[in-house]
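Asker: Here you go, sequence then predicted model.
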Amino acid sequence: MMKHFLDIHTTSKDDLRSIIDQAHAMKSARKDRPKGAADDSQPLAGRMVALIFEKPSTRTRVSFDVGVRQMGGQTMVLSGSEMQLGHGETIADTARVLSRYVDLIMIRTFEEATLQEMAEYADVPVINGLTNRTHPCQIMADVMTFEEHRGPIAGKKTVWVGDGNNVCASVAHAAGQFGFDFTFTGPPQLDPEAEALDFARAQGVQVAIERDPVKAVQGADLVFADTWVSMHDPQSAKERRHNQLRGYQVNEELMSHAKPDSLFMHCLPAHREDEVTSAVMDGPHSVIWDEAENRLHAQKAVMRHCLGL
């Protein structure tokens, strides 16, 4: 059976735990090794990985590219303008053709339907590098980062502050799969998709929506934030988002109401002094640079999982 990695809630709990454990082990094995050095194990030797970007990226592109190279493989980076997915050739036909050339496909795209169609017709594993609905690789790195600093994440309280976007949806999915509690605080117009919250509740974890951010973060082990606006949003939308979210900035005052040893995460890039202050980003709660690094290790483990290595 093909091992795609399309979303956290569609991957088994056992597989998710195996991926996290392998990511920890692979990171540990690289301790004191030069950044550009290859891993001792070369599981992707002789393998070609297609990296498709309909949406631009820094962390996703670099972390996947470096990860493949560290494991002995090669990458082919393709932009949306080069491929024009679904405009000339159908997505299904593109998937069929790419499957004849490469061993693995990672796609970062807009519509979830594009990802799903790619996976349906590809004869090689497909990894979700991000869609407008979810961002599972990011949250695998976040779970890894929390456990690196604080031990098992099961039973912990996590709080998402701001816009209930695609990254937030994947946190909710992870809450259900890894067994941690999830609270969203933000304006009602920007609530997470009900489907993501319902999934987490169905797994038996505590899920809450609290409009008051101070109340929301009380007792929090982990606080998340993300950008208020996308690079693709028009100026009018950006102004509206700022007005809606002004009261949900993560600052030192807000973090003071979380647990004293709480962690702060942000998937980056961040707009300093908007959704989060520099004092928090660069302060004692922040693990954002470890979080960014762990995209590399978590995604290497995801690729190995998909290829059965």
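Answerer: Thanks, I have the structure now.

Asker: For burial, what's the neighbour tally of the nearest residue to T277 once chain neighbours are set aside?
Answerer: Leaving aside its chain neighbours, T277 sits nearest to N251 (4.5 Å; criterion: C-beta to C-beta, 6 or more residues apart in numbering). For glycine as for every other residue, the C-beta is placed from the backbone atoms N, C-alpha and C. Number of residues near N251 (other C-beta atoms under 10 Å) recorded here: 15.

Asker: close enough to count as contact, N251 and V280?
Answerer: Yes: taking C-beta atoms under 8 Å as the definition, N251 is a contact partner of V280 at 6.1 Å.

Asker: Would you map the strands across the stretch 201-309 of the chain?
Answerer: In the stretch 201-309 of the chain, the strands defined using DSSP state E, counting those that start in this stretch lie at 207-209, 222-225, 263-266.

Asker: looking at the ones you listed, which is buried most?
Answerer: Comparing those by mean neighbour count (mean count of other C-beta atoms under 10 Å), strand 222-225 ranks first with a mean of 28.

Asker: for the stretch 151-300 of the chain, what are the low-confidence residue spans?
Answerer: Within the stretch 151-300 of the chain, the segments meeting pLDDT under 70 span 231-233.

Asker: hmm, try it at 90
Answerer: 229-241 (pLDDT under 90).

Asker: Please, where are all the helices along it?
Answerer: Taking DSSP state H, counting those that start in this stretch to define them, one finds helices in the stretch 151-300 of the chain at 166-178, 194-202, 213-217, 235-245, 252-255, 278-281, 288-307.

Asker: So what touches the third one?
Answerer: Read that as helix 213-217. Here helix 213-217 makes contact (C-beta atoms under 8 Å, 6 or more residues apart in numbering) with 159, 161, 183-185, 208, 210, 223, 247-248, 254-255, 257-258, 262.

Asker: residues of it that come out buried?
Answerer: Using 16 or more other C-beta atoms under 10 Å as the burial criterion, the residues of helix 213-217 that qualify are 213, 216-217.
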